[in-house]
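*Asks:* What shape does this take:
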Amino acid sequence: MAFLDVATELGRFSVMLRPDAAPVTCEYFASLARNGTFRDGSIFRIVSTSRHAGVEANPIDVVQVGTAAGMDEQRTRIQHEHTALTSLRHERWVVSAARFEPGEVYGSFFVCLQREPALDFGGGRHIDGYGFAAFGSVVSGHEVIERAHFRAEEDTCLTTRIAVTEILYRGGGQP
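*Replies:* Numbering: from 1, shown residues only. All right, here's what the predicted structure looks like:
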């Protein structure tokens, strides 16, 4: 088993990776963690159905974690392991890769706070319909994610980011 251990100013949470279902996506994020890429990162985006309903098409409840560059980071091309390929679904506590085009990722992932079918393959959250690549789930520290979600602001991108001091990869060898 492999994990990403995330330390934030609100506390710690752990993500169990699913390399059996999404090996390329798991390796991408494990590599970023092993290289210290998330140092000085943040929870920089929170989408909340209670705060952003009517503003966002297909509103969702997610907390997004990323490097210090946020969405301005250089993009990387990897295989897009969407939910139709992996059978993983965007359920509560599922962790998924943020992206622009299918397979065009950057150092950011988000945690679902409820079932989010709009994020699955064929869902309506992204105009291309390919959905997002789920690759793990939060297995401890759920209260940290919930506390972060309560800090949603008027805009989805936070003016007061929540510091992430480190994300460590824990597991044997490659995820």
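*Asks:* helices and strands of this structure: which one has the lowest mean pLDDT?
*Replies:* helix 49-52 (a mean of 75; mean pLDDT, DSSP states H and E).
*Asks:* Following element in sequence after that one, please.
*Replies:* strand 62-66 (DSSP states H and E).
*Asks:* Select the longest helix from the chain.
*Replies:* helix 23-34 (DSSP state H).
*Asks:* Tell me how far residue 103 lies from residue 50.
*Replies:* Note on residue 103: its distance to residue 50, by CB to CB, to the nearest Å, is 32 Å. Bear in mind the C-beta positions are built from the backbone N, C-alpha and C, glycine included.
*Asks:* Residue 167 too?
*Replies:* Where residue 50 is concerned, residue 167 sits at a distance of 28 Å (CB to CB).
*Asks:* Which one's more surrounded, these two?
*Replies:* residue 167 (25 against 10; other CB atoms under 10 Å).
*Asks:* quick one: the helices in the chain?
*Replies:* Ranges of helices within the chain are 23-34, 49-52, 83-86, 142-149, based on DSSP H.
*Asks:* Tell me which of those lies nearest to residue 95.
*Replies:* helix 23-34 (8.6 Å; CB to CB).
*Asks:* distance between the closest one and the chain's centre?
*Replies:* With CA atoms, centre = their mean, to the nearest Å as the basis, helix 23-34 stands 12 Å off its chain's centre.
*Asks:* what pLDDT, on average, does that helix get?
*Replies:* Average pLDDT, helix 23-34: 96.
*Asks:* Bridged to the closest residue to residue 18 other than its chain neighbours, which residues?
*Replies:* Counting by CB to CB, 6 or more residues apart in numbering, residue 18 lies nearest to residue 136, which is 5.2 Å off, once chain neighbours are set aside. Note on residue 136: beta-bridge partners residue 17, residue 95, judged by DSSP bridges.
*Asks:* Pull up the gap between residue 136 and residue 93, please.
*Replies:* 9 Å.
*Asks:* Who has more neighbours out of these two?
*Replies:* Shown here are residue 136 and residue 93; by other CB under 10 Å, residue 136 has more neighbours (28 against 17).
*Asks:* picking that back up, contacts for the least confident helix or strand of the chain next, please.
*Replies:* The contact list for helix 49-52 (CB atoms under 8 Å, 6 or more residues apart in numbering) reads 59, 60, 61, 152, 153, 154, 156.
*Asks:* and what of stretch 15-23?
*Replies:* Residues contacting stretch 15-23 (CB under 8 Å, 6+ apart): 1-6, 26-27, 29-30, 81, 86-88, 95, 133-139, 171, 174-175.
*Asks:* hey, which of the helices of the chain is tucked in deepest?
*Replies:* helix 23-34 (a mean of 21; mean count of other CB atoms under 10 Å).
*Asks:* Determine the longest strand present in the chain.
*Replies:* Secondary structure of the chain per DSSP state E: the longest strand is strand 157-171.
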